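Participant: Attaching a predicted model along with its sequence, questions to come.
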Amino acid sequence: MAKFTKKMAARREALDFEKVYTVADAVSTLKEHASAKFDESVEISMNLGVDPRHADQMVRGVVNLPNGTGKTLRVAVFAKDAKADEARAAGADIVGAEDLVEEIQNGKSDFDRVIATPDMMPLVGRLGKVLGPRGLMPNPKVGTVTPNVAQAVKDAKGGAVQFRVEKAGIVHAGIGKASFDNDKLAQNVRAFIDAVNKAKPSGAKGIYIKKIAISSTMGPGLKIDTSDALSA
């Protein structure tokens, strides 16, 4: 349970939680209330009008945030020979094949993203029960199954954020740090919303994007005006 100082509590009480903000005002207000002693992460949450239990209403994709996430990801790559060398040269933290499968089966999990060349997928498939629940299973739809492992590693290190709708129709992701300046954070917010909007599935009916909110690690959730968020 997060502990709040009297100053933070007073700021929260002064907020109108029913207010709907423009992206710019939401970012500005979020930064005002990010008063922890560490650099708070900024997260976005989107409530979508979809039922992901139906295949034609699944929302999934990846977005390259223009200003990165402020977090350095540890990337594991399944590749052999020249492709393994390319992955290492691009900055991959862990590279392997059968040996890496064994390490993961034995509990190794110090990575945030998993990338694989197509020929490695029969091997990686053995790890479905381990990687699947953590959202780490490589998938061509989000660019993590690819022959171009060097670019995939660079994208992951540079701020590529994967998103996938959860059972309740919610998409959420980390999109930056409270230390980012207002414009850079707002650009990331808009880029993420735009990517989710463009990923609208064929089976979505009625209102697609119902609610949008951003928050910092210790800060309150701030509602964003959907029409403003989707404006150019």
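Facilitator: Great, that's in hand.

Participant: Please make it C-alpha for all contacts and neighbour counts, starting now.
Facilitator: Fine.

Participant: And the helices in the protein?
Facilitator: 6-14, 23-33, 81-89, 98-105, 121-124, 128-131, 149-158, 182-198, 226-229 (DSSP state H).

Participant: could these go into CSV alongside mean neighbour count?
Facilitator: Putting the helices of the chain into CSV (neighbours: other C-alpha atoms under 10 Å) gives the following:
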stretch, mean neighbour count
helix 6-14, 12
helix 23-33, 20
helix 81-89, 17
helix 98-105, 14
helix 121-124, 16
helix 128-131, 15
helix 149-158, 21
helix 182-198, 19
helix 226-229, 15
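
Participant: Any idea which of the ones you listed gets closest to residue 60?
Facilitator: Closest to residue 60 of the helices of the chain is helix 182-198 (C-alpha to C-alpha; 7.9 Å).

Participant: what packs against the closest one?
Facilitator: In terms of contacts (3 or more C-alpha pairs under 8 Å, 6 or more residues apart in numbering; DSSP states H and E), helix 182-198 is packed against helix 23-33, strand 60-64, strand 170-177.

Participant: Nearest to residue 215, out of the helices of the chain?
Facilitator: helix 23-33 (6.7 Å).

Participant: Give me the contacts around the closest one.
Facilitator: 8, 11-12, 178-179, 182-183, 185-186, 189-190, 214-216, 219-220, 222-225, 228-229 (C-alpha atoms under 8 Å, 6 or more residues apart in numbering).

Participant: report the angle between the axes of it and helix 182-198?
Facilitator: Put simply, helix 23-33 runs at 130 degrees to helix 182-198, going by axes from the mean of the first three to the mean of the last three C-alpha atoms, to 10 degrees.

Participant: so where's the chain uncertain?
Facilitator: Counting by pLDDT under 70, the ranges of the chain that qualify are 1-14, 232.

Participant: With that, I have no additional questions.
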